[in-house]
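Q: following is a predicted model, sequence given first.
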Amino acid sequence: MRRNRTEAERHSARCKICNSAAREEIERKFCSWVGQSQIVREHKLGSRAALHRHATALGLFERRDLNLRASLAGFIERGCRAKVTGAAFVQAVVAYSKIDNRGRTVERVMDETDNGGLRALYSRMSRGEMRNYAVTGVLPDWFTAALPGTPARSNGGPSA
């Protein structure tokens, strides 16, 4: 009598990625937001559909979503080398700043007495200063000097 196999067992028995020596690397790249076409090409997987089936069966989309900061960081880094509109760049920096290290969205609440003071300071930041802040969480010296009591490193930024 043949036992019923689970969906995961059926998937892994036929999946080219599950049976690949590069499985961990493929999954790491997928969860780090490396382009699916690039992964398929580099690992000779044949089609994006195979990668999509594997990612769906193993819940990799959920794992990748938790790593949204990596995608935004990559976009921000490319923004210094590629043609990106200023609005898209700033939106990416803002989105990046609202995601904590666990992939959760955190809204920053403006103090009613602030009257846009922080917004005015952020608007004075150069593209390079914004990129550095988005990647490292470190504010420029002039920013912290202009607003006493502002920490040089944000709470949500990566640790040194």
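A: Noted; the coordinates are in hand.
Q: run through this protein and note the low-pLDDT ranges.
A: Residue ranges of the chain with pLDDT under 70: 1-5, 79-82, 84, 101-103, 107-118, 147-160.
Q: tell me the domain ranges of it?
A: Listed by automatic domain parsing, the domain ranges of the chain are 7-65, 68-146.
Q: save those as a markdown table, and put in mean neighbour count too.
A: To be clear about C-beta, it is placed using only N, CA and C from the backbone, and glycine gets the same treatment. Supplementary listing: the domains of the chain in a markdown table, determined by neighbours: other C-beta atoms under 10 Å:
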| stretch | mean neighbour count |
| --- | --- |
| domain 7-65 | 15 |
| domain 68-146 | 14 |
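Q: ok, which stretches of this structure are helices?
A: 7-14, 23-31, 36-42, 48-58, 60-65, 68-79, 86-97, 117-124, 127-136, 141-146 (DSSP state H).
Q: check the offset of stretch 132-147 from the chain's centre.
A: 21 Å (C-alpha atoms, centre = their mean, to the nearest Å).
Q: kindly apply the preceding question to stretch 34-48 instead.
A: 19 Å.
Q: start to end distance for it?
A: This stretch, stretch 34-48, spans 13 Å end to end (C-alpha to C-alpha, to the nearest Å).
Q: what's the answer for stretch 135-146, then?
A: 22 Å.
Q: hang on, residue 98 packs against residue 92?
A: No - contact between residue 98 and residue 92 fails when scored by C-beta atoms under 8 Å: they sit 10.9 Å apart.
Q: who's in contact with stretch 11-20?
A: Under the contact criterion C-beta atoms under 8 Å, 6 or more residues apart in numbering, stretch 11-20 has outside partners 5, 23, 26-27, 43, 45-46, 50-51, 53-54, 57-58.
Q: 10 Å instead?
A: Applying C-beta atoms under 10 Å, 6 or more residues apart in numbering, the contact partners of stretch 11-20 are 5-6, 8, 23, 26-27, 30, 39, 43-47, 50-51, 53-58.
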